[in-house]
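Chemist: here's a sequence, model it:
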Amino acid sequence: MLNLGIKNTGAFRLGNKIRVGQRLKNGTRISDFLLLGPIGLIIYLLFFSFNFLFDFSMRNSHAAPLVGASILSMSVSTPSVDLDFTPTGSAAQFIESGANLTIQTDNRTGVTTYVASIDENTDLKHTDATIAQKLSSISSTAAATAFSDNNWGYRVTTPAPPGSDFLPIPKASAPDTIFSTPNATGSPYVVGISFGAKVAANLISGTYKKDIVFTAVTNFVPKTATFLPGPNFNFLVKKINPAYNTENFKRASSQPANLSSVKVVSTADSDYPIYVWYESADKTVYWWSEADIAYANEDAHEMFSNLSDGHGHFNSVDVSGIDMSKTKNASYMFHSGNYLYKNIILGDFNSENVEDMSYMFASNSSSGSPTSEIDFSKFKTSKVRFMRHMFEGNFSQVLNLASFDTSSVEDMSEMFAKTKNLTTVNLSSFNTSNVKDMKNMFRYAS
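Modeler: The predicted structure follows:
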């Protein structure tokens, strides 16, 4: 809480206020914190003083298992910010002072810190209710030189650059964010905040107060799960249907009714399991998880390779809902073996960290109807080094690769070899400046 005061004589003292070892309902412990004091101040005619109140909140992303933070702490370099003012002449004067907040958390998605008035009124009012004079918050961002008389505001001085403009004092219902980090802070992080006021010479002496609240909230921690490495996942998916007549793979909208028939295909460190099971009615292998994010493994090579296990064409592989952002090896990921994948649905396929896409959409099939065009518009390939045989034997008629960034690719050998149905290929964005091997790039292509 920031308590602003204007006082005409004497000393102002702030008593100690301490809360330690608070525990949340979920059992998480907040680190010790306190409101420092006491402090004594000798003032002149007008005196501004700010005292600090802290509010802590640790968001539990789900009931169990517990993930996220065990520590959240915030302290202040001084318990009050004091603005002393002695009128000289008839001109208004600008005064400013500040303090540093020190914030620390081990929450893996970081912390956000807010500032706001303790209520909806942002005026600095005299403690004598019979005095109508007040200092009003500025109404918009302004430099110190643009303040009107008897206006006040705040600004973040660290990490913001010195000399940044002042902001209006936010209401309790609409706090301002003064610090946010997406990761654990590790070492304590310092945020400087300063308050400024332009005071008219005729302001009635006394104490003008307003409480300001700083709130630190740990950021939401999503529930995550990670698929098994590609070959391990592939083995379990193939064996889940002993008839080997699976035609589709996709995400289910809800968990299976009978968990006894499912296979767990997630890593041991996942917050929640990922299940797969087979539905004979539509010849589909479904996957589902309670996790908010289901990541493909860093090693996802062969993950969906030859899902029919050599027993016929596969109708649809839909990987919507699988987050590929951690995957580095996607080689052979959709290799269809001796048969075809008629339709590959990539959804919001995030391949930003993939380095190897060798044989990714290749096929050994010798016959079959042209397959559906694949939507590559969400593909990110800036880190890919290997695209050798990427589309070898693919039965698509159209490959629109305009979204591809190939600036890091070193090997494009036989990339489009044996694409006998290919009639249109868009390579307008291709950058081959780092390619070392392009041999047989279109060997036996149509």
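Chemist: what residues are up against the residue nearest to residue 380 when sequence neighbours are not counted?
Modeler: Excluding its sequence neighbours, the residue lying closest to residue 380 (C-beta to C-beta, 6 or more residues apart in numbering) is residue 352, at 4.2 Å. Just so you know, the C-beta spots here come from the backbone N, C-alpha and C atoms, and that holds for glycine as well. Taking C-beta atoms under 8 Å, 6 or more residues apart in numbering, we find residue 352 in contact with 325, 380, 382, 383.
Chemist: now with 7 Å?
Modeler: Listed by C-beta atoms under 7 Å, 6 or more residues apart in numbering, the contact set of residue 352 reads 325, 380, 383.
Chemist: quick one: these as TSV, columns for pLDDT and secondary structure too.
Modeler: Putting these into TSV (pLDDT from 0 to 100; DSSP: H, G, I helix; E, B strand; the rest coil) gives the following:
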residue	pLDDT	secondary structure
325	96	coil
380	93	coil
383	97	coil
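Chemist: for the residue nearest to residue 380, which three-state class applies?
Modeler: coil (DSSP: H, G, I helix; E, B strand; the rest coil).
Chemist: distance of it from residue 329?
Modeler: Applying C-beta to C-beta, to the nearest Å, the value for residue 352 to residue 329 is 14 Å.
Chemist: which residues of the stretch 251-400 of the chain fall in strands?
Modeler: Taking DSSP state E, counting those that start in this stretch as the criterion, the stretch 251-400 of the chain contains strands spanning 263-264, 274-279, 284-289, 293-295, 314-318, 322-323, 341-345, 398-400.
Chemist: strand 341-345 and the fifth one, what's the angle between them?
Modeler: Relative orientation of strand 314-318 versus strand 341-345 (axes from the mean of the first three to the mean of the last three C-alpha atoms, to 10 degrees): 10 degrees.
Chemist: ok, and what's touching strand 314-318?
Modeler: 247-250, 304, 307-308, 334, 336, 339, 341-345.
Chemist: which of those are buried, as a PyMOL select command?
Modeler: To isolate the buried members of those in PyMOL, using 16 or more other C-beta atoms under 10 Å:
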select buried, resi 247+248+249+250+304+307+308+334+336+339+341+342+344
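Chemist: and the helix or strand residue 74 falls within, what other elements does it pack with?
Modeler: Using DSSP states H and E, residue 74 maps to strand 72-76. Contacts defined by 3 or more C-beta pairs under 7 Å, 6 or more residues apart in numbering; DSSP states H and E place strand 72-76 against strand 33-35, strand 46-58, strand 93-105, strand 211-218.
Chemist: now with 6 Å?
Modeler: strand 46-58, strand 93-105 (3 or more C-beta pairs under 6 Å, 6 or more residues apart in numbering; DSSP states H and E).
Chemist: neighbouring strands of that strand in the sheet, and parallel or not?
Modeler: Using DSSP bridges, the strands paired with strand 72-76 are strand 93-105 (antiparallel).
Chemist: what residues does the next helix or strand after the partner strand touch?
Modeler: Tracing the chain C-terminally past strand 93-105 and defining elements by DSSP H and E, one meets strand 111-117 next. With contact meaning C-beta atoms under 6 Å, 6 or more residues apart in numbering, strand 111-117 is reached by 103, 105, 169-172, 175-180, 213-219.
Chemist: quick one: mean pLDDT for strand 111-117?
Modeler: Averaged across strand 111-117, the pLDDT comes to 91.
Chemist: could you do stretch 237-256 as well?
Modeler: Averaging pLDDT along stretch 237-256 yields 93.
Chemist: can you list contacts of it?
Modeler: Contacts to stretch 237-256, defined as C-beta under 6 Å, 6+ apart, come from residues 262-263, 276-278, 283-288, 309, 311, 315-318, 321.
Chemist: got a quick PyMOL command for the buried subset of those residues?
Modeler: Restricted to buried positions by 16+ other C-beta under 10 Å, the PyMOL selection for the contacts of stretch 237-256 reads:
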select buried, resi 262+263+276+277+278+284+285+286+287+288+309+311+315+317+318
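Chemist: quick one on the thing from earlier: any idea which of the helices and strands packed on strand 72-76 scores lowest on pLDDT?
Modeler: strand 46-58 (a mean of 45).
Chemist: pLDDT weak spots in the stretch 101-250 of the chain?
Modeler: Judged by pLDDT under 70, the stretch 101-250 of the chain has its weakly predicted residues at 162-163.
Chemist: now do the strands in it.
Modeler: Under DSSP E, counting those that start in this stretch, the stretch 101-250 of the chain gives strands at 111-117, 124-126, 134-137, 151-158, 176-181, 189-199, 208-209, 211-218, 224-226, 248-251.
Chemist: can you redo the ones you listed as CSV with distance to residue 422?
Modeler: Conversion of the strands of the stretch 101-250 of the chain to CSV gives the following (distance: least, C-beta to C-beta, whole Å):
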stretch, distance to residue 422
strand 111-117, 50
strand 124-126, 73
strand 134-137, 65
strand 151-158, 56
strand 176-181, 48
strand 189-199, 54
strand 208-209, 75
strand 211-218, 51
strand 224-226, 35
strand 248-251, 25
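Chemist: tell me which of the ones you listed is the most buried.
Modeler: strand 208-209 (a mean of 24; mean count of other C-beta atoms under 10 Å).
Chemist: can you tell me the strand partners of that one and which way each runs?
Modeler: Looking at strand 208-209 with DSSP bridges, its partner strands are strand 124-126 (antiparallel).
Chemist: now do the partner strand: distance to the chain's middle.
Modeler: Relative to the centre of its chain, strand 124-126 is centred 40 Å away, using C-alpha atoms, centre = their mean, to the nearest Å.
Chemist: what are the contacting residues of it?
Modeler: Applying C-beta under 6 Å, 6+ apart, the contact partners of strand 124-126 are 4, 134, 135, 206, 208, 210.
Chemist: using CSV, please lay out those residues together with distance to residue 114.
Modeler: Formatted as CSV, those follow (distance: C-beta to C-beta, whole Å):
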residue, distance to residue 114
4, 18
134, 24
135, 22
206, 30
208, 24
210, 16
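Chemist: widest-spaced pair of these?
Modeler: Pairwise distances across the contacts of strand 124-126 (C-beta to C-beta) peak at 14.0 Å, for the pair 206 and 210.
Chemist: which one of those two is surrounded by more residues?
Modeler: Neighbour count, other C-beta atoms under 10 Å: between residue 206 and residue 210, residue 210 has more, with 24 against 18.
Chemist: please tell me how far the more buried one sits from residue 170.
Modeler: Residue 210 is 12 Å from residue 170, by C-beta to C-beta.
Chemist: one more: residue 257?
Modeler: 49 Å.
Chemist: neighbour-wise, which of those two wins?
Modeler: A direct count of neighbours by other C-beta under 10 Å for residue 257 and residue 170 places residue 170 higher, at 20 against 7.
Chemist: residues contacting that one?
Modeler: Applying C-beta under 6 Å, 6+ apart, we find residue 170 in contact with 116, 176.
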